[in-house]
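this one's structure only:
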């Protein structure tokens with residue numbers, strides 16, 4: 001088949017037409033330039049601003065590689081900003097909530113108005129109104145008074161609807177916008193739905209109308225191990241259906257109108273060990289003003305900072321999402337009126353669909369039938385849909401949390417998921433995603449109302465993507481690797497080290513164990529120069545690290561690396577010798593690695609890397625033990641040789657599993673396991689990438705690297721954006737997958 005057995009010529013033409021349409025509708029992307037870096041395969045990305053339109057992604061103008069990873073980068077940025085005292089005025093909110101007491105505590109109404117930063121740094125003002133009806137009731141029974149074992153059951157449900165208006169502001173300093181925040185005359189709501197109000201929307205303004213139905217139950221059993229020390233195990237089941245309408249002004253001539261309907265079923269198992277300090281009881285002894293404060297904000301802070309805990313959770317979820325998107329011209333009275341009428345009438349249709357999906361009254365067939373009927377109705381009034389698709393997904397997530405009051409809060413999490421998107425616009429067909437993800441978030445020195453003084457966050461993510469036209473088999477997949485680092489109060493050396501780790505990965509591309517290639521390293525030298533030797537100091541500086549550097553850096557680094565279809569084929573076809581040699585180039589035990597390469601060999605019959613252990617012991621005797629009279633024990637190098645032989649055999653097996661997979665869906669699963677540490681080798685993420693990147697032609701790799709570092713004013717902030725694109729064709733599958741993936745991702749209420 002033409003197009004290297006990946007996609008038909010027809011699919012390529014359709015994708016290029018779609019990409020051209022996206023470029024035409026996004027002036028910022030069209031203006032983006034790539035400037036060659038001296039003695040490097042990388043190019044600097046230059047993206048001039050354009051006040052006449054919004055950025056092409058929530059993170060700002062970017063490459064297709066950066067755009068594919070934009071949803072993960074938005075989520076990552078939001079987690080970095082949580083509870084961080086960035087600008088004090090961002091914590092100022094106008095808020096009023098009323099909820100009924102008791103079992104009907106989920107019933108009430110509320111209003112909230114606040115200032116919030118977008119992922120690309122722009123500032124917005126948000127007006128939200130909420131209305132909800134809910135009920136929940138808990139039952140408990142003491143199973144053993146002697147040991148304090150108690151079983152509990154909770155059942156409940158909630159229906160919630162809200163409307164939000166998010167408007168961009170000119171400045172980025174929140175304290176300068178407080179006057180507008182408290183000006184109640186400036187409050188804006190979605191209602192009433194009128195064409196002239198649609199036309200009057202500002203560029204970047206977003207209207208959001210979500211409706212959500214949730215029902216669930218929780219079973220738990222707990223025990224008191226000691227005074228104020230409790231352990232509990234819980235099981236939770238939740239089913240939810242949601243319908244959302246969004247209207248977003250892209251530019252003066254374009255307005256995007258989206259429908260989303262989601263249904264998800266979640267099953268969670270968890271365990272918690274909690275040690276509490278009875279500070280709340282102490283503070284609540286009197287019925288005075290202090291007691292009233294304790295019942296509200298002070299109680300909230302005391303609970304957070306008087307509890308130490310260790311928790312584990314394991315969640316499985318499956319769901320289905322539908323998306324329908326239209327682009328209209330809001331200056332056209334007829335099109336603006338059509339949007340207003342759609343907001344009037346079709347929200348009821350979406351609520352009905354969300355209700356049926358949330359209560360499992362809808363089958364896959366009836367959901368698709370209702371969805372396509374809705375699409376046909378709106379095509380008549382709003383023109384052909386820009387994007388229409390249904391996405392089905394499965395997900396498994398695990399997490400471990402540790403909290404020590406004031407000192408530290410730690411979270412380790414992992415994710416494994418797969419989803420299939422079925423498109424009904426442009427070239428119809430399916431896009432399949434396999435994903436493995438591992439993250440860690442660390443906070444230190446937590447202060448009430450201020451948050452953590454030090455924060456460090458890292459995420460490693462691999463996504464394997466393959467596509468198929470309707471009625472055809474899936475194509476050869478691509479692999480997208482994403483690594484992100486976020487930091488608050490870090491030293492320059494630590495930031496440089498994190499950036500250099502990613503640069504060193506790229507320097508290995510295509511080398512097959514023969515040493516780094518400087519032209520493929522990310523050009524960081526002039527941006528992260530080596531610091532002068534620190535001067536000795538005997539003064540204690542709480543803002544400095546042990547080597548005398550000031551810990552005054554804040555920011556994030558994001559790296560996206562794409563293995564195209566040819567790269568995947570090259571990895572799968574790599575010989576055992578090349579795999580072993582590439583792996584040996586990544587290990588620290590160089591003498592042991594050289595010995596194994598010279599004396600070991602892969603046995604295809606049993607899948608092992610075999611060597612003579614007696615020869616290894618002779619080459620690396622345990623001299624320390626021999627001197628103590630304990631001859632015959634293994635040396636450190638001998639243990640390393642055994643470990644490396646096992647890992648190398650695993651790498652060979654992992655790539656053989658990808659090569660010998662029965663089809664490209666199975667091949668995608670094998671690749672996700674190989675990159676995500678779930679295969680035979682056990683090498684996770686960046687460790688596996690260091691090996692696999694050596695096995696492919698660098699021309700079959702593309703990449704995107706960004707670094708944003710806030711430094712003291714006298715040094716100046718750093719903002720880098722490099723792309724590995726030189727001489728490499730655009731990856732059509734990456735563009736199609738990124739377009740679908742970004743549509744279904746809803747990481748933030750501030751973006752659409």
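In hand now; what should we look at? Computed from a prediction, not measured in an experiment: that's the story for all the values here. Residues are numbered from 1 along each chain as shown.

in which helix or strand would I find residue 203?
Secondary structure assignment for residue 203, by DSSP states H and E: no helix or strand.

distance of it from residue 166?
Using C-beta to C-beta, to the nearest Å, residue 203 is found at 13 Å from residue 166. C-beta: built from backbone N, CA, C; applies to glycine.

One more: residue 196?
For residue 196 relative to residue 166 (C-beta to C-beta), the value is 20 Å.

Compare those two (neighbour count), which wins?
A direct count of neighbours by other C-beta atoms under 10 Å for residue 196 and residue 166 places residue 166 higher, at 24 against 10.

For the more buried one, what is the enclosing helix or strand?
Using DSSP H and E, residue 166 sits in strand 149-168.

Counting neighbours, which bits of that strand end up buried?
150, 154, 156-168 (16 or more other C-beta atoms under 10 Å).

Likewise for stretch 315-331?
315, 317-330.

before we move on, what about stretch 222-236?
Result for stretch 222-236 [16+ other C-beta under 10 Å]: buried residues 222, 230, 232, 234, 236.

for stretch 126-135, same thing?
126, 127, 128, 129, 130, 132, 134, 135.

Count residues in the vicinity of residue 114, would you?
Neighbours around residue 114, by other C-beta under 10 Å: 17.

Contacts only, for the closest residue to residue 99 other than its chain neighbours.
Nearest non-adjacent residue to residue 99, counting by C-beta to C-beta, 6 or more residues apart in numbering: residue 108, 3.4 Å away. In this structure, residue 108 makes contact with 97, 98, 99, 100, 132, judged by C-beta atoms under 8 Å, 6 or more residues apart in numbering.

ditto for residue 556
Residues near residue 556 by C-beta under 8 Å, 6+ apart: 76, 77, 80, 484, 485, 486, 487, 706, 707, 708.

now do 10 Å
By C-beta atoms under 10 Å, 6 or more residues apart in numbering, the contact list for residue 556 reads 73, 76-77, 80, 457, 484-488, 495, 706-709.

And for residue 127?
94, 111-114, 163-167, 186-190.

Now with 7 Å, please.
Under the criterion of C-beta atoms under 7 Å, 6 or more residues apart in numbering, the contact list for residue 127 reads 113, 164, 165, 187, 188, 189.

For stretch 591-607, list every residue counted as buried.
Quick answer for stretch 591-607 (16+ other C-beta under 10 Å): 592, 593, 595, 596, 597, 600, 602.

Need the mean per-residue confidence for the helix or strand just after the strand holding residue 166.
Heading C-terminal from strand 149-168, the first helix or strand you meet, by DSSP H and E, is helix 178-181. If you average the pLDDT over helix 178-181, you get 86.

and what of stretch 311-321?
Regarding stretch 311-321, the rounded mean pLDDT is 93.

Run through who's touching that stretch.
The contact list for stretch 311-321, computed with C-beta under 7 Å, 6+ apart, reads 260, 262-272, 367, 390-401, 744.

Tell me the buried residues within these.
Among the contacts of stretch 311-321, the ones that count as buried by 16+ other C-beta under 10 Å are 260, 262-264, 266, 268, 270, 272, 367, 390-391, 393, 395, 397, 399, 401, 744.

on that earlier part again, now, which of the buried residues of stretch 126-135 sits nearest residue 732?
Nearest to residue 732, judged by C-beta to C-beta, of the buried residues of stretch 126-135 is residue 126 at 37.4 Å.

So what sits opposite the closest residue to that closest one other than its chain neighbours in the bridge?
For residue 126, ignoring the flanking residues on the chain, the nearest one in space by C-beta to C-beta, 6+ apart is residue 166 at 5.1 Å. With DSSP bridges as the criterion, residue 166 is bridged to residue 126, residue 206.

Tell me the neighbouring strands of the strand or helix carrying residue 457, and mark each as parallel or antiparallel.
Per DSSP H and E, residue 457 falls inside strand 451-469. Strand 451-469 has the following sheet partners, assigned by DSSP bridges: strand 429-447 (antiparallel), strand 478-490 (antiparallel).

downstream neighbour of the shortest one in the secondary structure list?
Next helix or strand after strand 478-490 toward the C-terminus (DSSP H and E): helix 492-507.

How about the contacts made by residue 465?
Contacts of residue 465 by C-beta under 7 Å, 6+ apart are 431, 433, 477, 478, 480, 733, 737.

how many neighbours does the fourth one have?
Taking other C-beta under 10 Å as the criterion, the count of residues near residue 478 is 28.

ok, back up a step: tell me the mean pLDDT over the strand holding residue 457?
For strand 451-469, the mean per-residue pLDDT is 94.

Would you map the strands across the stretch 301-450 of the chain?
In the stretch 301-450 of the chain, the strands defined using DSSP state E, counting those that start in this stretch lie at 307-328, 387-404, 408-423, 429-447.

circling back to that earlier point, pLDDT wise, what is the residue nearest to residue 126 at?
95.

cool, residue 223 as well?
At residue 223, pLDDT is 89.

Quick check: beta-bridge partners of it?
With DSSP bridges as the rule, residue 223 is bridged to residue 231.

coming back round to it: out of the buried residues of stretch 591-607, which comes closest to residue 37?
Proximity of the buried residues of stretch 591-607 to residue 37 was ranked by C-beta to C-beta; the top entry is residue 593 with 32.3 Å.

hang on, that closest one in a helix?
Yes. Counting by DSSP: H, G, I helix; E, B strand; the rest coil, residue 593 falls inside a helix.

What residues does it make contact with?
By C-beta under 7 Å, 6+ apart, residue 593 lies in contact with 584, 587, 644.

ok, the last one - contacts?
In this case it means residue 644. 587, 592, 593, 596.
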